[in-house]
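*Asks:* Kindly generate the corresponding structure for this input.
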Amino acid sequence: MVLVLPFETPSKKNSRVVDRRTGRSFPSKVYTAWHKSAASYVRQNYPAEALGSGPFRVEMSFWHPTFRKCDADNKVSSILDLLVDLGIIDDDNWQVVAQLRVANYYAKNRPCAEIKIFPLTECEE
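*Replies:* Numbering: from 1, shown residues only. The predicted structure follows:
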């Protein structure tokens, strides 16, 4: 399965808002809006396909619109959470996502994320 999201992927972890009264933290409005838009985009453009409990090799490529520094692992978490929330994969633990590959590129003013999910055979595990 290959998914392409034609927009920048925000970090869920670094963009949290803290309720000062309760101390609880919540994803920011930017992340929440991205998650809603990305989920809608995937539902509209890709067939509903639940891949199950794996194990899988997941390859993610991010094209960044600027040279601004950001942590790739935070973007990976956002994508994995999206895949779980959409029901594409059952969970994002190491037994489901057994292999993970990440690549980062620069594409001036053209942010994008490409996600490839492959089932692992016994030979590859």
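
*Asks:* With just CA atoms, put stretch 59-69 into CSV.
*Replies:* Taking Å, rounded to 0.1, in the frame of the first residue of the first chain, the C-alpha atoms of stretch 59-69 are listed here in CSV:
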residue,chain,number,x,y,z
GLU,A,59,8.8,3.3,4.7
MET,A,60,8.2,7.1,5.0
SER,A,61,9.6,9.8,2.9
PHE,A,62,9.1,13.5,3.9
TRP,A,63,9.6,16.4,1.5
HIS,A,64,10.1,19.6,3.5
PRO,A,65,9.2,23.0,2.0
THR,A,66,12.0,24.8,3.9
PHE,A,67,15.3,24.1,5.5
ARG,A,68,13.9,24.8,8.9
LYS,A,69,15.0,22.2,11.4
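
*Asks:* For it, give the mean pLDDT please.
*Replies:* Averaging pLDDT along stretch 59-69 gives 93.

*Asks:* for the chain, which residue is closest to the average position?
*Replies:* Centroid-nearest residue in the chain: residue 79, 0.7 Å away (criterion: Cα atoms, centre = their mean).

*Asks:* residues making contact with the longest helix seen in the chain?
*Replies:* The longest helix of the chain (DSSP state H) is helix 29-45. Here helix 29-45 makes contact (Cβ atoms under 8 Å, 6 or more residues apart in numbering) with 3, 5-12, 15, 17, 27, 78, 81-82, 85-86. The C-beta positions use only the backbone N, C-alpha and C, and glycine is treated the same way.

*Asks:* and the residue of the chain positioned farthest from its centre, what is it in contact with?
*Replies:* What lies farthest from the middle of the chain is residue 21; by Cα atoms, centre = their mean that is 30.6 Å. Listed by Cβ under 8 Å, 6+ apart, residue 21 has no contact partners.

*Asks:* Now do the SS call for it.
*Replies:* Classification of residue 21 using DSSP: H, G, I helix; E, B strand; the rest coil returns coil.

*Asks:* which stretches of this protein form helices?
*Replies:* Going by DSSP H, the chain shows helices at 29-45, 72-85.

*Asks:* Can you say which of the ones you listed is packed in most?
*Replies:* helix 72-85 (a mean of 18; mean count of other Cβ atoms under 10 Å).
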